[in-house]
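Trainee: Pasting the sequence and the predicted coordinates here, then a few questions.
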Amino acid sequence: MAALKSEWVPIIITKEIIEQKKELKKILMKYGVKDPEEIEKKIEKGYLPEHPTYEDFLSALALKNNIDEMKKLVGKLIEEI
């Protein structure tokens with residue numbers, strides 16, 4: 001029974017990846033960029049105001065990092081199944 005439950009973990013994590021990717025996409029589209037680092041560059045160059053843009057940059061960066069880590073985790077979990 002525990003093995004069956006563990007087989008669902010990659011599916012649950014994949015669902016979370018999809019949700020976080022949607023949220024990341026919203027933030028990136030808001031600023032017309034392809035990755036969080038572009039938001040930071042636009043702030044530094046004065047193209048975007050620091051507030052609240054920097055908070056969005058931090059959120060986008062955290063989402064990107066979470067997604068990358070979850071992808072690695074799903075890969076490892078699938079190998080174990």
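Mentor: Looks like it came in fine.
Trainee: Which stretches in this protein count as strands?
Mentor: Under the criterion DSSP state E, the chain contains no strands.
Trainee: Which parts of it are helices?
Mentor: Counting by DSSP state H, one finds helices in the chain at the ranges 2-31, 36-44, 53-80.
Trainee: winner for burial among the ones you listed?
Mentor: Mean neighbour count (mean count of other Cβ atoms under 10 Å) peaks for helix 36-44 among the helices of the chain, with a mean of 17. Placement of C-beta: from N, CA and C, glycine included.
Trainee: so where is this protein shaky, pLDDT-wise?
Mentor: Applying pLDDT under 70 to the chain picks out residues 1-5.
Trainee: and with 50 instead?
Mentor: In the predicted model of the chain, residues 1 satisfy pLDDT under 50.
Trainee: and the closest residue to L61 other than its chain neighbours, what does it touch?
Mentor: Leaving aside its chain neighbours, L61 sits nearest to P36 (4.3 Å; criterion: Cβ to Cβ, 6 or more residues apart in numbering). Contacts for P36 (Cβ atoms under 8 Å, 6 or more residues apart in numbering) come out as 24, 27-28, 57, 60-61, 63-64.
Trainee: if we go to 6 Å?
Mentor: 57, 60-61, 64 (Cβ atoms under 6 Å, 6 or more residues apart in numbering).
Trainee: Relative to E44, how far out is it?
Mentor: Per Cβ to Cβ, to the nearest Å, P36 is found 13 Å from E44.
Trainee: K34 and P52: what is the separation?
Mentor: 20 Å.
Trainee: Repeat that for E19.
Mentor: E19 is 22 Å from P52, by Cβ to Cβ.
Trainee: Ok, L73 next?
Mentor: 31 Å.
Trainee: same question, I78
Mentor: Counting by Cβ to Cβ - I78 and P52 are separated by 38 Å.
Trainee: for M29, same thing?
Mentor: Applying Cβ to Cβ, the value for M29 to P52 is 16 Å.
Trainee: what comes into contact with stretch 9-28?
Mentor: For stretch 9-28, contacts defined as Cβ under 6 Å, 6+ apart pick out 56, 60, 63, 66-67, 70, 74, 77-78.
Trainee: Centre of the chain to it, how far?
Mentor: How far stretch 9-28 lies from its chain's middle: 7 Å, per Cα atoms, centre = their mean, to the nearest Å.
Trainee: No further queries at this time; thank you.
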